[in-house]
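A.B. asks: here is my input, please return the structure:
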Amino acid sequence: MRILAALVIFSLAACSVLATAYAQMAPTEETLRTLIESALKQYLDPTSTVSVSVGGVAESGGVVTAESVVLNAEPAVIRGVQADIILQMTNVEFEPGTAAGTGTQLRLRKVGHAMIVASTTAASVRDALASRFPIIQDPVLKFEAGQFIVTGRLRDGGQPAMLRGRFVVERGEVIRAIVLEATVGGSPIPPQLVEAQLATFNPILDLSRSPIPLRVKLLALHNDRIEILAGID
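C.D. replies: Got it, this is the predicted structure:
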């Protein structure tokens, strides 16, 4: 599940630091769009489908402004895991900056309004589970009534295993998975043991690392999808 967090943060980072020899390029919609797409491609798998639209670009006193920036990645793919991401920003300001070895950059200075919607499927999360926890054979993941349920069999011995939990939002910035119930062969096991294993997935999302001051507005589990909506307060 950390893959979803990485996808969101990478998308935001790509819009906040655009490394290029920008001083040699005119500030146009096409220029800014190309820079954002190039930054994204550094992080995403080649199978990703990304489109970026930019409107109302101008420059004054070295500050580049854009009336709107819209990023649509359906899907965004990293390490083989897919998610759909839509990022919308308005009244965006970029300012020049420099970094060793990267030449001139544009850095995000200010955003008037921003909203990001990220979603992935139970099947994508299941595949991530299978790769991270090979001891579970043929895991099945379902989202039901605001909770997630994982079932499968232990590869060694074939005993049935079940995990039930839910997602919690902390301070509007962090989303974590917590364990409510876990069994092996029908017998309960301490949730703390399972939560230690979940450390490779938690936090699912940590917006405190975001270059934009976003807060989680909605976390929904429905139709075998998890959807996260975040925006600026």
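
A.B. asks: when you work out contacts or count neighbours from here on, use the C-alpha atoms and nothing else.
C.D. replies: Will do.

A.B. asks: quick one: low-confidence parts of the protein?
C.D. replies: Within the chain, the ranges that satisfy pLDDT under 70 run 1-26, 79-80, 97-105, 132-133, 233.

A.B. asks: strands along that one, start to end?
C.D. replies: For the chain, the strands defined by DSSP state E occupy 17-19, 50-60, 63-78, 81-99, 103-121, 136-144, 147-154, 160-170, 174-184, 187-188, 205-206, 214-222, 225-232.

A.B. asks: out of the ones you listed, nearest to residue 39?
C.D. replies: Closest to residue 39 of the strands of the chain, according to CA to CA: strand 17-19, at 6.2 Å.

A.B. asks: per-domain residue ranges of this structure.
C.D. replies: Domain assignment for the chain, taken from automatic domain parsing, gives 2-120, 123-206.

A.B. asks: how about the ones you listed in a markdown table, adding mean neighbour count and distance to residue 225?
C.D. replies: Formatted as a markdown table, the domains of the chain follow (neighbours: other CA atoms under 10 Å; distance: least, CA to CA, whole Å):
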| stretch | mean neighbour count | distance to residue 225 |
| --- | --- | --- |
| domain 2-120 | 18 | 6 |
| domain 123-206 | 17 | 7 |
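
A.B. asks: coming back round to it: would you turn the strands of the chain into CSV with distance to residue 43?
C.D. replies: What follows is the strands of the chain, written out as CSV (distance: least, CA to CA, whole Å):
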stretch, distance to residue 43
strand 17-19, 13
strand 50-60, 12
strand 63-78, 7
strand 81-99, 13
strand 103-121, 16
strand 136-144, 27
strand 147-154, 28
strand 160-170, 26
strand 174-184, 22
strand 187-188, 40
strand 205-206, 17
strand 214-222, 21
strand 225-232, 21
